[in-house]
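S.K.: below are the sequence and a predicted model; questions follow.
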Number of protein chains: 2
Amino acid sequence: MPAFQSPGPAGSPMTKTERFLAACRRQPVDYTPVWLMRQAGRYMVEYRALREHYTILDLIKSPELAMAVTLQPIDAFDLDAAIIFADILPPLEGMGLSLEFVKGEGPLIHNPLRTPADVAALQVRPPEETLHFTLDAIKLTRQALEGRQIPLIGFSGAPFTLAAYAVEGGGSKNHVRVKSLMMSDPATWHSLMEKLSVVVGHYLLAQARAGAQVLQLFDSWVGQLSPADYRSHVLPHSRHALEIAREAGVPIIHFGTDTAGILPLMREAGGDVIGVDWRIDLDTAWRMVGPGVAVQGNLDPIALFAPWPQLRQRAQQVLDAAHTVGWPGHIFNLGHGILPQTPVDNVRRLVDFVHEYTANPKDEVA
Amino acid sequence: MPAFQSPGPAGSPMTKTERFLAACRRQPVDYTPVWLMRQAGRYMVEYRALREHYTILDLIKSPELAMAVTLQPIDAFDLDAAIIFADILPPLEGMGLSLEFVKGEGPLIHNPLRTPADVAALQVRPPEETLHFTLDAIKLTRQALEGRQIPLIGFSGAPFTLAAYAVEGGGSKNHVRVKSLMMSDPATWHSLMEKLSVVVGHYLLAQARAGAQVLQLFDSWVGQLSPADYRSHVLPHSRHALEIAREAGVPIIHFGTDTAGILPLMREAGGDVIGVDWRIDLDTAWRMVGPGVAVQGNLDPIALFAPWPQLRQRAQQVLDAAHTVGWPGHIFNLGHGILPQTPVDNVRRLVDFVHEYTANPKDEVA
C-alpha cells in the first residue's frame, strides 16, 4: 500500500494528543490514530475485578474510580485516546428521572415520561450541579494523562437517544412509545428535545472546560428514524446541542448506528468528525458526507471474535477504504462498542496493526 | 401531484392480480398496489380469536387454518395481495432442527448448530416432504382467491437469516455466534449456506408451482453485516436460492432491513423487486438499485400509531418519493412487519389512501 498520510515534523514524532487532534482537524498525521468505543469495559479482567465491588453508577460517580477505569485500557493497549468512564444516561438523572442499571437487563428509568406534564416537569440545571462527578473525573484524569500526552475524550448521549430512554423507560426493540410521541404530539416532542439539547450542549461544553480535548455526541438509536423524521424532529435539536458545545473550540465527533440512510443529515447537524458503523463501506460513507469532515470507524465489533488472520483482513479493509478516498482525517474505531466477551489479545493486536499498517505502508505487516 | 402512472386498458380496470404483477414487472398500473408485511397477525381481533385455540405452528401446519388466517386481512381491507400465512423458520425443522415458538419470547431452536458435525448432519430434503402443509395451504388459498382475482404471495426466509436463527438458537441482539462462525470457519459456513440455499430455493419454487403468483425472500437480519461480509459470505448463496426459484417464472421480491449500505449488493444477488425499510428515502434507495428493478416499501410501521393526519403525511412522502424517481414499479408496503398493537382503523385508511392518492393524483384526497 502506498503512503497516504504525510509524516509528522521531521525528527519529532507527533505525540498522541497532536496526532489525534490533527486527525480530527483533517491535518496530516504520521499514522492513523485508534481508540475503541467502550474500551473501558467488561472484556477487561481489571474492569470486572472493580465491578465485583462497585455498581456502574458507583464507578461513574466517584471521580477517582472513574479515572481508574478510564486508565485501564490506556495502560493495557497502545490506544491514541482515552475516553472518560461515564454513561450516556446520567444527564437524565439531573433532569429528575430515576435511573438504575439492572443486572443483566441494562438501564431502567423508574419514572419514564408518559404525559406532557412529565415533560414540563423536567428540570434544566447546569451540569456543574448535576454532573459534577464526571466533570471532576475529567479534571483528575486529564492531569494523570498530561505527562503521557494522551488526549481525553468527553461525551454525552444525543437528544434523541436520551429521549428514547426517557420515554421508553429503558432499552426498546421497536421504540414505539418514543416515536409515537414524536409523530403524534410535535409540541410536547419539541419541548422535550429543546430541554435535552440545552442539557446535552452545556454538559459537553462543561466537559471541555474541565479538560476534555475532544467531545463525542452518541446518538445510538437515531438509526431507528426515517430520514424525513430525523430532518424535521431531531436534526435541529442535535444541531442546537452541537452549537452550544462548539463554544469550547474542541473537535466534536458525531456518532450513530444504522445511519447509512441519514449520514448527510447528521453531517448537516454538525460535528468535525462523523462516526460510522460497519453497515456501510467507509469510503462510501465518507463520500456521502464529503471532504469537509473527518470520519471515525468502522470495523464490525464481532470481527474481534475471529482468528487474527480474519480480523486483520477486515481491519485492513477499513484502512484501505479510508485510503481509497484520499482525504486526511480518519480515526480508526469499531462501528459500535466493544462487546463484553471480546478476546483481549485481539484488541492488542488490532491496535498495534492499525499503527504499523498505516505508519509503514510499504512493509508487509504480519 | 401530476399523474405518474398510465391508466390500465381503457374501459377495463385492472384486476388486483394484473395490477400487482404489472408493478412487479415495472409495467404501467392504474394505481399503486399495496400490501403489508405480516398483514395477517396479532393487530387483528380475528387473528387473536384464533390464537386463543391454536399455537402459531398449529395455524401454519393446518392448511385450512393457514388459509383462514391468510384471508382475514383480505376480507377486512382493500389489499392488493394476500401472503400465505406461514413463518420463515419451518424450513429449519425439515433440516432436523427442533423449533418452538415460546410465548412472549419468540422462536426457539432446541438444538442449535454448534459444531461442524451439526452442520454436516443437516438434511436437505424436498419441500414436498418437509413443508407440504404450506404447499397445501397455498393450493387451497389460491382456489379461494381465484374468483376475487387477488394474487397470492409465497415466501421463505433467506439463507443468512435462517443461518442466524439456526446458529444463535433464536433471536439475538448482536449475532455474535453466527457472525463468528461466518468469519472464523469459512468452510463450515459455506457448507451451511449451500444447504440452506438449496432448501430455500426449492421451497420457493415449490410454492410457485403450488400456486403462489409472487415470491418474497425475507433476509430480515442481513443488515447486521458489513458490505464486504455480505458480498463474500452471503450474496452467492442468496443468488443461488433466487436462481433456483426463478425457474418458476414468477416475480420475486428480495427484502431485508437495515440494508441502506448493501442495497446494490442485494440487487446483484437477484430479485425483480427490492424491498426497502424506512431508514432510507425511497427515491435514494431506488436510484441506488437502478431502473431495472421495482421497489417495495417503505413506511415506518410506527407511523400507523400516529393520528391520521400525521400518518397520511408520511404515507404521502413515500408515494411522492416513488413518484420523484419517475420509473414504473412501486409496490407500497411498510418498511418491516406491522406491529401487534397497530390500530386497525389506521390500516384501513392507509390502504384506501394509497389507492385514492395514486389513482386520482390531481384530486385532493382528505
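M.R.: Cool, the structure landed. What you see is a predicted model; the values in this text were computed from it and never measured. Residues are numbered from 1 along each chain as shown, chains lettered A, B, ... in the order given.
S.K.: now for the closest residue to chain B within the stretch 1-150 of chain A: which residues touch it?
M.R.: Of all residues in the stretch 1-150 of chain A, A:Gly106 sits closest to chain B, with a separation of 10.3 Å (C-beta to the nearest C-beta). The way it works is simple: take the backbone N, C-alpha and C, and place the C-beta from them, glycine included. Going by C-beta atoms under 8 Å, 6 or more residues apart in numbering or on different chains, A:Gly106 touches A:170-171.
S.K.: can you give me phi and psi for it?
M.R.: phi 90, psi -170 (degrees, to the nearest 10).
S.K.: ditto for A:Leu192
M.R.: Dihedral angles (degrees, to the nearest 10) for A:Leu192: phi -60, psi -50.
S.K.: what is the burial count for it?
M.R.: By the measure other C-beta atoms under 10 Å in any protein chain shown, the count of residues near A:Leu192 is 27.
S.K.: chain B versus that one, what's the distance?
M.R.: Counting by C-beta to the nearest C-beta, to the nearest Å, the separation of A:Leu192 from chain B is 17 Å.
S.K.: read off the pLDDT value for that residue.
M.R.: Note for A:Leu192: predicted pLDDT of 98.
S.K.: hmm, it is touching A:Ala121, no?
M.R.: No - applying C-beta atoms under 8 Å as the test, A:Leu192 and A:Ala121 come out as separate, 11.1 Å apart.
S.K.: now for the one helix or strand A:Arg349 maps to, which elements pack on it?
M.R.: Assigned by DSSP states H and E, A:Arg349 belongs to helix A:344-359. For helix A:344-359, the elements it packs on are helix A:63-76, helix A:308-325, judged by 3 or more C-beta pairs under 8 Å, 6 or more residues apart in numbering or on different chains; DSSP states H and E.
S.K.: what angle do the shortest one and helix A:344-359 make?
M.R.: Spelled out, it's helix A:63-76. Here helix A:63-76 runs at an angle of 60 degrees relative to helix A:344-359 (axes from the mean of the first three to the mean of the last three C-alpha atoms, to 10 degrees).
S.K.: do I have it right that A:Arg314 meets A:Phe305?
M.R.: No - using C-beta under 8 Å as the test, A:Arg314 is too far from A:Phe305 to be in contact (11.1 Å).
S.K.: which neighbours do those two share?
M.R.: Common neighbours of A:Arg314 and A:Phe305, using C-beta under 8 Å, 6+ apart, are B:Met183.
S.K.: picking up where we left off before, report the separation between the residue of the stretch 1-150 of chain A closest to chain B and A:Arg177.
M.R.: 16 Å (C-beta to C-beta, to the nearest Å).
S.K.: and if you look at A:Gln213?
M.R.: Distance of A:Gln213 to A:Arg177, given as C-beta to C-beta: 37 Å.
S.K.: those two: who's more crowded?
M.R.: The residue with more neighbours, out of A:Gln213 and A:Arg177, is A:Gln213; 22 against 18, by other C-beta under 10 Å.
S.K.: low-scoring stretches of the stretch 101-250 of chain A, by residue?
M.R.: Along the stretch 101-250 of chain A, no part satisfies pLDDT under 70.
S.K.: could you pull out the helices in it for me?
M.R.: Under the criterion DSSP state H, counting those that start in this stretch, the stretch 101-250 of chain A carries helices at the ranges A:116-121, A:127-130, A:132-146, A:159-168, A:176-184, A:186-210, A:227-229, A:235-246.
S.K.: and the angle for the longest one with helix A:235-246?
M.R.: Relative orientation of helix A:186-210 versus helix A:235-246 (the same axes, to 10 degrees): 20 degrees.
S.K.: which other residues reach the helix holding A:Arg349?
M.R.: A:1, A:4-5, A:30-32, A:34, A:36, A:43-45, A:76-79, A:299, A:304-306, A:308, A:311-312, A:315-316, A:319, A:332, A:338, A:363, A:365.
S.K.: quick check on the residues you listed: which are buried?
M.R.: A:4-5, A:30-32, A:34, A:36, A:43-44, A:76-77, A:79, A:299, A:304-306, A:311-312, A:315-316, A:319, A:332, A:338, A:365 (16 or more other C-beta atoms under 10 Å in any protein chain shown).
S.K.: still on that earlier bit, of the contacts of helix A:344-359, which are in range of chain B?
M.R.: Filtering these for neighbours of chain B using C-beta under 8 Å from any C-beta of the partner chain leaves A:305-306, A:311.
S.K.: how far does stretch A:283-297 stretch from start to finish?
M.R.: By C-alpha to C-alpha, to the nearest Å, the extent of stretch A:283-297 from end to end equals 11 Å.
S.K.: buried sites along that stretch?
M.R.: Going by 16+ other C-beta under 10 Å, stretch A:283-297 has these buried residues: A:283-286, A:288-289, A:293-297.
S.K.: who touches that stretch?
M.R.: Residues contacting stretch A:283-297 (C-beta under 8 Å, 6+ apart): A:23-26, A:251, A:253, A:255, A:260, A:263-264, A:266-267, A:271-278, A:282, A:298, A:318, A:321-322, A:324-325, A:327-335, B:227, B:261.
S.K.: and that stretch, what's its mean pLDDT?
M.R.: Mean predicted confidence for stretch A:283-297 is 98.
S.K.: from what I see, A:Glu128 and A:Leu135 are in contact.
M.R.: Yes - contact criterion C-beta under 8 Å: A:Glu128 and A:Leu135 qualify, at 6.7 Å.
S.K.: which one's more surrounded, these two?
M.R.: A:Leu135 (20 against 13).
S.K.: the nearest residue to that one once chain neighbours are set aside and A:Thr141, how far apart?
M.R.: Leaving out its chain neighbours, the residue that sits closest to A:Leu135 by C-beta to C-beta, 6 or more residues apart in numbering or on different chains is A:Ala210, at 4.3 Å. Distance check for A:Ala210 against A:Thr141: by C-beta to C-beta, it reads 10 Å.
S.K.: give me the distance from stretch A:167-182 to the chain's centre.
M.R.: 22 Å (C-alpha atoms, centre = their mean, to the nearest Å).
S.K.: got the end-to-end distance for that stretch?
M.R.: Start-to-end, stretch A:167-182 (C-alpha to C-alpha) is 10 Å.
S.K.: ok, it near chain B or not?
M.R.: Yes - counting by C-beta under 8 Å from any C-beta, chain B has neighbours in stretch A:167-182: A:174-176, A:179-180.
S.K.: how about the residues you listed in TSV, adding neighbour count and distance to B:Ser220?
M.R.: Shown next, in TSV, are the residues of stretch A:167-182 next to chain B (neighbours: other C-beta atoms under 10 Å in any protein chain shown; distance: C-beta to C-beta, whole Å):
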residue	neighbour count	distance to B:Ser220
A:Asn174	16	14
A:His175	19	17
A:Val176	18	18
A:Lys179	26	20
A:Ser180	19	23
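S.K.: and the residue nearest to A:Gly157 when sequence neighbours are not counted, how many neighbours does it have?
M.R.: Counting by C-beta to C-beta, 6+ apart, the nearest residue to A:Gly157 once its immediate chain neighbours are dropped is A:Ile88, at 3.1 Å. Residues within reach of A:Ile88, counting by other C-beta under 10 Å, total 19.
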